[in-house]
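**Student:** my questions concern the predicted model and sequence given below.
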Amino acid sequence: MPELPEVEVVRAGLERHVVGTTILSVDVLHPRPVRRDPRGPAGFAGALVGRTLTGAHRRGKYFWLALDSGDALLGHLGMSGQMLVQPSTVPDERHLRVRFTLDGAPGDEGASASPLVEARASASVSKPARPGQRVVLVAAVADNGVIGADGDIPWRIPEDFAHFKATTMGHTLVMGRATYDSIGRPLPGRATIVLTRDLAWTAGEYAAQVLVAHSFAEALALAADLPGDVMVVGGAQVYALALPYATHQVLTEVHQSPEGDTVYPVWDRAGWVATAREARDGWSVSWWERRDSGESLA
């Protein structure tokens, strides 16, 4: 089929051509699209081979192909961005950056989906979708790493609730479904994105106010059109998914060691700089910035 310009990338039938297919091979023909992936081109390709494409979506100038791993292949469609879907026997590599060979898209024997724009594995993206938009992990963590027990917080610090509100107000919250269910509604003054594997889940009566994403890359693409920075507020699995993308962390350090079944992900402090710390009675707040983020949260 012919090239699909940016405004037609999904509307003109991309989903019909690629959803349900499996990635047989990945050829990185230009280093730029995967320059931020610490695994390099070979590692990037290896992480995608064998994955099945489960969805195709577009919002604004971003599109993403959902994978059965729960990640997504995110692309940015600039003024000249195009997606080309064609039989593998008709190669066109004039502007090709990354080529994906699929296991026979419907109607195209041995078809290949070839984005002529940046594409990268969501697990390795460390820069947010919108320039200048920071990805901030906001969490309360005990000295032993515990952040939860039996679906609840094993401490009560009223002042930390006020700190959380002040930190996140005016920004976009990204949270898991269990975290959203524990709150029960979207918080005022903040946009809300709920990350869930359940493709049928909605926020019920608040569905018009709550966006739903099925991978963290999709959450970032949605957040690109929403106010402020991306504030990741739990739970543990969402923190772990977001950590490779994070530019900053705002951590309430609770000086207790309670029993718990949910812990904050382990992170390498050598890659971060503590920019500020405030001590309180029995707890403290620390602000961290990734060494290569180039932007201060202060």
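**Tutor:** Yep, that arrived.

**Student:** which residue is the nearest non-sequential neighbour of Ser182?
**Tutor:** Gly151 (6.6 Å; Cβ to Cβ, 6 or more residues apart in numbering). For the C-beta atoms, the positions are set from N, CA and C on the backbone; glycine is no exception.

**Student:** quick one: that neighbour and Gly260, what's the gap?
**Tutor:** Counting by Cβ to Cβ, to the nearest Å, the gap from Gly151 to Gly260 is 11 Å.

**Student:** okay, those two: which has more neighbours?
**Tutor:** Taking neighbours as other Cβ atoms under 10 Å, Gly151 and Gly260 compare with Gly260 leading, 18 against 12.

**Student:** what does the model give that one for pLDDT?
**Tutor:** Among the per-residue scores, Gly260 holds a pLDDT of 93.

**Student:** just name the shakiest helix or strand of the chain by mean pLDDT.
**Tutor:** Among the helical and strand segments of the chain, the one scoring lowest on mean pLDDT, DSSP states H and E is strand 119-121, with a mean of 31.

**Student:** what number of residues lie near Gly282?
**Tutor:** 10.

**Student:** who's in contact with it?
**Tutor:** Residues in contact with Gly282, defined by Cβ atoms under 8 Å, 6 or more residues apart in numbering, are 157, 254-256.

**Student:** beyond the least confident helix or strand of the chain, next helix or strand please.
**Tutor:** The element immediately downstream of strand 119-121 (helix or strand, assigned by DSSP states H and E) is strand 135-142.

**Student:** and the helix or strand following that next one, what does it pack against?
**Tutor:** As assigned by DSSP H and E, the chain's next helix or strand after strand 135-142 is strand 146-148. Contacts defined by 3 or more Cβ pairs under 8 Å, 6 or more residues apart in numbering; DSSP states H and E place strand 146-148 against strand 135-142, strand 262-263.

**Student:** who does the last one pair with, and is each partner parallel or antiparallel?
**Tutor:** Listed by DSSP bridges, the sheet partners of strand 262-263 and their directions read strand 146-148 (antiparallel).

**Student:** buried ones in the partner strand, by neighbour count?
**Tutor:** Buried positions in strand 146-148, judged by neighbour count with 16 or more other Cβ atoms under 10 Å: 146-148.

**Student:** closest to Leu199 among these?
**Tutor:** Gly148 (25.6 Å; Cβ to Cβ).

**Student:** which residues does that closest one contact?
**Tutor:** Neighbouring residues of Gly148 by Cβ under 8 Å, 6+ apart: 154, 234-236, 260-262.

**Student:** who wins for most neighbours among the residues you listed?
**Tutor:** Gly234 leads those on contacts (other Cβ under 10 Å) with 25 neighbours.

**Student:** which non-adjacent residue is nearest that one?
**Tutor:** In space, Gly234 is closest to Thr179, 4.6 Å off (Cβ to Cβ, 6+ apart).

**Student:** quick check: which element contains that neighbour?
**Tutor:** Using DSSP H and E, Thr179 sits in helix 177-183.

**Student:** likewise Ala221?
**Tutor:** helix 216-223.

**Student:** over to Leu241?
**Tutor:** Using DSSP H and E, Leu241 falls in helix 236-242.

**Student:** for that helix, packing partners?
**Tutor:** On a contact count with 3+ Cβ pairs under 8 Å, 6+ apart, helix 236-242 meets strand 135-142, strand 172-176, helix 216-223, strand 230-232.
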